[in-house]
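J.: Here you go, sequence then predicted model.
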Amino acid sequence: MTESLRERPVERRSDRVRFDGRVLFLVDDPELIRRQLAGENLEWPVEAPLRDNISTDEITPAYICYYYDETLGDFPYLGLKTGDEFPITRGTVRAGGFVCSVSGKRRGKGSSREQSPYAEMCAGIRLVLADSIERIYRENCQNLGILTSTNFSLVERVRQGGEIPLSVFTEGEGEITRGIIEHGGLFWYNVARLQGRVRVPLPSASERPMTLAEKIIARHWVTDIARDAVGVAYVGPGDEGFVRTDIRFSHEYVTPMAAIFWRDLVGEAEQIVDPGSVFFFRDHLTFLELAMTDERKAAGLLDVALELKKKQEEFAERQGVKLYGELPRVGPHTMVQGSEAICHSKILEQHALPGHLLVGSDSHTPHAGAIGCIAFGVGTTAIFNSWLTKDVRIKVPPSVLVRVDGRRPENVTAKDFMLQILHHPYVKNGHAIGKIVEYAGEAVEALSIDERATMTNMAAEVGAFTGIVRPDGKAREFLMRERGMDPDQIERLLSGLYSDDGADYETVIEIDAGALRPMVALPGDPGNGLFLEQLGGPVRVDIAYAGSCTAGKKSDMDMYARVFKEALDRGERVHPDVKCYIQCGSQEVKRYCEESGYLDVFRDVGAQFIEPSCGACINAGPGVSYDRETVTVSAINRNFPGRSGPGQLYLASPYTTAASAVAGYIAAWEPASEAVSADT
């Protein structure tokens, strides 16, 4: 810690707070929204239902995240869809004098982008009230100093303008969360912690059987930051503390904002702790120029987005951090542009190890849990603070066991497993939010590491804290094949990495893989899963997008190639009315496609192969829709409104996505037979 931080005075919030301003009700009625923005104060309770499931994609759509400073205050809720309209426009929330924002269930689901609460804060919002609040979004609010609550009785107290005890917002919280709230944010709490002004409690758990995840957390528990003491014997749900990270990574949407926080609060000349365990990625916006509309380019948004690249490169060079950057490449089968790798792909391919604990600036960080590590997404402030302390805060979540047993049909994939899990009432009703999801069962054990990564990646769509699979022989083979690791070294890593008999799970979800059939999620939410025959008739397709971190791995490429090879053998190609894009997750995956002859297959069938990038998955690359009538079938992980453009986005497996590209409508792939359409 620098001398300047050792001497920095640390203040605490007053024990009573006052909100001077208006309350904004985010209701499912565009006219009521517009009336509030025009100055009307609605009666409480409001006459229309509060909007549920407001994702961070709606609070700050991807293109808004090109901004990373106070300018974000012009943009909160621009993607909020009420009815079939988007009633909030630039600057209207800030101009409305709102201090409190009220909504329904699952506020802040989806991406971990801290631009969302930061935009709200810069627009004047100081309190978020909702029926339930997603973990990462809630932590981001707390880290920034925004107060949160699920107590709707506060609505009238805010309107009356009286003082409210701070204890109302800390009641029921653990000692650390309470301390962060009382200090006005995570940074000031960490300064007090480094100065020895606050004491972090040790876990209360005594001897008990532990899950795999709990064992890893216990190994990384920080007991004394001043003495660099790490590790405890036991942890249990509810224990709150800090855990030492093995890896910290961020991408260009996050690094620049975190770098500004570092400059303003720590000092530009100061060095981050252990830069060798930090990685930066330029992976989200490398194809933005091809996807951005002329209107947005004319508004200067492309120039704003390019600043993210520049700021990250400058900070990486100054700090000596490894940056996986842009890698423009010209080839006969690919688009010019691209990146070295999507962050999740590279972390799993090259860096994460069984038993590791790692954090990333993205909700899909659990991707790496496929080889038995704890990997979870955090916001910008947490990333910034981890550069100072090398740890992040945690409240040990309860665990949920998802067992997938039986033998899956040949055309059923890990994506179909996940669409079924997301449709399960326990998950769909939000009971898995913030929990650790451990995937097990003979059908999971039969999956490749790549396919397991689809499941851990999509723990984000579950709303889970993370997803994890016990590392076994498949993990051992993966590390030997992909990393060239010594078997003895691998065995030492795997030691003890299993859940104990009698470990406590809040619930167990049982899935019969043998009873599954190819699935699709209807537009709007990944939980809208149906078997294809339940669609009720053919659904024509305009775009088939096969890629992203979830579906741009080697095993995904195997699936696309298998379907397309069979189509070519039948004399068929991608349907003339369909634009088909295949985007790999890393240069390693591209080399695999080259060596396997897949690039020729994709070219011959009429699909466009694209270099690595998040691309259309975040509305920033080829494959996005440009109007509401466009229908896309995609193997990505989420289909929230506006996620990949204004069109209708159906989620499906790699097999189904490829088969639909050929058929021209959403269709399942049937091995060694003609594809089965949705109406059969």
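T.: In hand now; what should we look at?
J.: The stretch 1-150 of the chain: helices as residue ranges?
T.: Per DSSP state H, counting those that start in this stretch, the stretch 1-150 of the chain carries helices over the ranges 3-6, 30-37, 56-59, 92-95, 115-122, 135-144.
J.: What lies in contact with the fourth one?
T.: Identification of contacts with helix 92-95 by CB atoms under 8 Å, 6 or more residues apart in numbering yields Leu24, Leu37, Gly73, Asp74, Pro76, Tyr77, Glu120, Cys122, Ala123, Gly124, Ile125. The way it works is simple: take the backbone N, C-alpha and C, and place the C-beta from them, glycine included.
J.: List every C-alpha atom in that helix, with coordinates, as PDB.
T.: Provided in PDB are the C-alpha atoms of helix 92-95 (Å, rounded to 0.1, in the frame of the first residue of the first chain):
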ATOM      1  CA  THR A  92     -34.700  12.600 -19.400                       C
ATOM      2  CA  VAL A  93     -34.000  10.700 -16.100                       C
ATOM      3  CA  ARG A  94     -31.200  13.100 -15.100                       C
ATOM      4  CA  ALA A  95     -33.500  16.100 -15.900                       C
END
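J.: Next, the buried residues of that helix.
T.: Neighbour counts over helix 92-95 (16 or more other CB atoms under 10 Å) mark Thr92, Val93, Arg94 as buried.
J.: now, among these, which is nearest to Glu171?
T.: Minimum distance to Glu171 across those is 28.5 Å, recorded for Val93 (CB to CB).
J.: what pLDDT does the closest one get?
T.: Listed pLDDT for Val93 reads 98.
J.: same thing with Gln271?
T.: On the pLDDT scale, Gln271 is placed at 95.
J.: Kindly report the same for Gly331.
T.: We note a pLDDT of 53 for Gly331 in this prediction.
J.: what do you get for Glu289?
T.: pLDDT, read off for Glu289, is 83.
J.: Near it, how many other residues are there?
T.: Using other CB atoms under 10 Å, Glu289 has 14 neighbouring residues.
J.: is it true that it touches Leu301?
T.: No: taking contacts as CB atoms under 8 Å, Glu289 lies outside contact range of Leu301: 10.7 Å.
J.: Just the helices from the stretch 301-450 of the chain, written as ranges.
T.: Ranges of helices within the stretch 301-450 of the chain are 301-319, 343-346, 380-389, 414-423, 425-428, 442-445, 449-457, based on DSSP H, counting those that start in this stretch.
J.: Export only the CA atoms of the fourth one, formatted as PDB.
T.: Right, helix 414-423. Extracted as PDB, the C-alpha positions of helix 414-423 are listed here (Å, rounded to 0.1, in the frame of the first residue of the first chain):
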ATOM      1  CA  ALA A 414     -25.200 -29.200 -23.200                       C
ATOM      2  CA  LYS A 415     -27.100 -26.200 -24.500                       C
ATOM      3  CA  ASP A 416     -30.300 -28.200 -24.500                       C
ATOM      4  CA  PHE A 417     -29.400 -29.300 -20.900                       C
ATOM      5  CA  MET A 418     -29.200 -25.600 -20.000                       C
ATOM      6  CA  LEU A 419     -32.400 -24.600 -21.700                       C
ATOM      7  CA  GLN A 420     -34.200 -27.300 -19.800                       C
ATOM      8  CA  ILE A 421     -32.600 -26.200 -16.500                       C
ATOM      9  CA  LEU A 422     -33.500 -22.600 -17.100                       C
ATOM     10  CA  HIS A 423     -37.100 -23.600 -17.700                       C
END
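J.: Let me know the average pLDDT across that helix.
T.: Mean pLDDT, helix 414-423: 98.
J.: Ok, stretch 550-557 next?
T.: Averaged across stretch 550-557, pLDDT comes to 97.
J.: and what of stretch 582-591?
T.: Mean pLDDT, stretch 582-591: 96.
J.: now what about that stretch, what contacts it?
T.: Contacts of stretch 582-591 (CB under 8 Å, 6+ apart): 327, 334, 340-342, 344-346, 349, 545-549, 552-554, 557, 560, 593, 602, 607-613, 615-616, 621-623.
J.: swap in stretch 188-201?
T.: Stretch 188-201 has contacts (CB under 8 Å, 6+ apart) with 1, 5-6, 8, 10-11, 175-176, 179-180, 183, 222, 225-226, 240-242, 385, 388-389.
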